[in-house]
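Asker: Structure for the following, please:
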Amino acid sequence: MNKFLDFGRKALFYVRVLSGYEERRIRNYRLQLERRLQQAQERKAALRKIPEQAILSDVRRMVEEMQTLNRKLEETVSIELFGV
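Answerer: The predicted model follows:
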């Protein structure tokens, strides 16, 4: 009975190979793995950008604060110089 089942399994495998089913299945599996790998790399890149974006927002905030301080300083100096 086992020999008969083994023969049937081998015959089905040959049919799948000859029909191209096995090749399509392998290709589909490989493409699926590539997609998963690409998605994981995209998630990793997005996680790396989060600290970078936080640093950039802090730098922008500090630059804005310095610009407002410079404006206030210029206004104060012009008031003192010209007595406006």
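Asker: elements contacting the longest helix along the chain?
Answerer: As assigned by DSSP state H, the longest helix anywhere in the chain is helix 21-82. Using 3 or more CB pairs under 8 Å, 6 or more residues apart in numbering; DSSP states H and E, the elements in contact with helix 21-82 are helix 2-19. Glycine gets a C-beta too; all of them are placed from N, C-alpha and C.
Asker: who's in contact with the helix it packs on?
Answerer: Contacts with helix 2-19, where a contact means CB atoms under 8 Å, 6 or more residues apart in numbering, come from 22, 23, 25.
Asker: Count the residues that sit near the residue nearest to the first one when sequence neighbours are not counted.
Answerer: Nearest non-adjacent residue to residue 22, counting by CB to CB, 6 or more residues apart in numbering: residue 16, 4.5 Å away. By other CB atoms under 10 Å, 14 other residues sit near residue 16.
Asker: Could you list the low-confidence segments of this protein?
Answerer: Low-confidence regions of the chain, defined here as pLDDT under 70, cover residues 83-84.
Asker: Residue 8 versus residue 77, what's the distance?
Answerer: 95 Å (CB to CB, to the nearest Å).
Asker: right, I mislabeled it, should have said residue 29
Answerer: The spacing between residue 29 and residue 8, counted by CB to CB, is 24 Å.
Asker: most surrounded residue in the contacts of helix 2-19?
Answerer: In the contacts of helix 2-19, the most neighbours by other CB under 10 Å go to residue 22, 14 neighbours.
Asker: closest to residue 61 among the contacts of helix 2-19?
Answerer: Closest approach between these and residue 61, by CB to CB: residue 25, at 54.2 Å.
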